[in-house]
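A.B. asks: Below are the sequence and a predicted model; questions follow.
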Amino acid sequence: MTYVRLQLVKWLARHQKRSLHDVVSSCAVAACAALVMFYASLIATSAPVSAGDTVVVERAIDLLESRGFQDEVFLLRHAAIFRGSDNWLNRLTPKDSAYAATNFPVQIITLYPDFYSKAVDDTERAMILLHEAQHLRDKDEHEAYAYVWQNRSRLGWTQLRYGTTPAYITISEQTREMVPGLFTCNARLWNDCTEMAKGRQNRER
């Protein structure tokens, strides 16, 4: 009788182990299927980027590459898919004067008309893609604004060259709101800790 009980216990243990494995496998398959369906729905409800606009996007990515942003370039070229209109998820969030939006973790970047018309050249478009590439890396808005602002000189998107463009004015204001800690240096121009030029009061001393 003891032998029979022992065999029954072993059988139950094996059966429970297989059942747990089956449950985990089923959940994993269901999760993957749900993610694929979610991704497909985002693609199906948005328009692709036109051939002409794709050339513009590639020029901006090439510029990022020439300035040494290799990690971002890799993500933009090999992990991201670009779309020319909002998907159903993006439509749930009202946007005013947006240049682009990123859906993480499905790595979809939507480019809006302002990306092509309001950004004055490839440098400003590269700046926008540099911001969106941070979202591809799962960075939040605070981190994305800070990264772009701290690296704008490396990109060539400087106050001297672009300080009067709509994009520079808007993004500088947004950066001040999102990352106020970058604007606490009284000795620097505009209190900007990333700005190399000294402030007026400091120059007069």
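C.D. replies: Good, I have the coordinates.

A.B. asks: Identify the residue nearest the most centrally placed residue in the chain in space, chain neighbours excluded?
C.D. replies: The centroid of the chain falls nearest to His135 when counting by CA atoms, centre = their mean (2.2 Å). Leaving aside its sequence neighbours, His135 sits nearest to Thr102 (CB to CB, 6 or more residues apart in numbering; 3.8 Å). (C-beta placed from N, C-alpha, C; glycine too.)

A.B. asks: same thing with Trp88?
C.D. replies: The nearest residue in space to Trp88 (CB to CB, 6+ apart) is Thr45, at 4.4 Å.

A.B. asks: go on, Gly181?
C.D. replies: Looking at Gly181 with CB to CB, 6+ apart, the closest residue is Cys193, at 7.9 Å.

A.B. asks: Reduced to three states, what does Phe82 come out as?
C.D. replies: strand (DSSP: H, G, I helix; E, B strand; the rest coil).

A.B. asks: quick one, what contacts the closest residue to it other than its chain neighbours?
C.D. replies: The shortest distance from Phe82 to any residue other than its chain neighbours is 4.7 Å, reached at Val49 (CB to CB, 6+ apart). By CB atoms under 8 Å, 6 or more residues apart in numbering, Val49 lies in contact with Val57, Phe82, Arg83, Gly84, Leu111.

A.B. asks: all strands for this protein, in order.
C.D. replies: 81-83, 100-103, 108-111 (DSSP state E).

A.B. asks: Now do the helices in this protein.
C.D. replies: 2-44, 51-66, 70-78, 113-117, 122-136, 141-150, 152-155, 159-162, 166-178, 200-204 (DSSP state H).

A.B. asks: Out of those helices, which one sits most buried?
C.D. replies: Among the helices of the chain, the stretch with the highest mean neighbour count (mean count of other CB atoms under 10 Å) is helix 122-136, at a mean of 23.

A.B. asks: can you list the contacts of Val49 in CSV and add distance to Leu64 and pLDDT?
C.D. replies: Rendered in CSV, the data for the contacts of Val49 read as follows (distance: CB to CB, whole Å; pLDDT from 0 to 100):
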residue, distance to Leu64, pLDDT
Val57, 11, 98
Phe82, 14, 98
Arg83, 19, 98
Gly84, 20, 97
Leu111, 15, 97
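
A.B. asks: Just among those, which is most surrounded?
C.D. replies: Leu111 (24 neighbours; other CB atoms under 10 Å).

A.B. asks: Hmm, Asp53 and that one touching each other?
C.D. replies: Yes. Here Leu111 reaches Asp53: they are 7.2 Å apart, a contact under CB atoms under 8 Å.

A.B. asks: Now the common contact residues for these two.
C.D. replies: Gly84.

A.B. asks: how about the residue nearest to Gly181, what does it touch?
C.D. replies: Here Cys193 is in contact with Gly181, Leu182, Phe183, Thr184, Cys185 (CB under 8 Å, 6+ apart).

A.B. asks: show me what contacts the last one?
C.D. replies: By CB under 8 Å, 6+ apart, Cys185 lies in contact with Asn191, Asp192, Cys193, Glu195.

A.B. asks: Just put those in JSON lines and tack on distance to Ser172 and pLDDT.
C.D. replies: Listed next are the contacts of Cys185 as JSON lines, based on distance: CB to CB, whole Å; pLDDT from 0 to 100:
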{"residue": "Asn191", "distance to Ser172": "12", "pLDDT": "93"}
{"residue": "Asp192", "distance to Ser172": "9", "pLDDT": "95"}
{"residue": "Cys193", "distance to Ser172": "13", "pLDDT": "95"}
{"residue": "Glu195", "distance to Ser172": "11", "pLDDT": "87"}
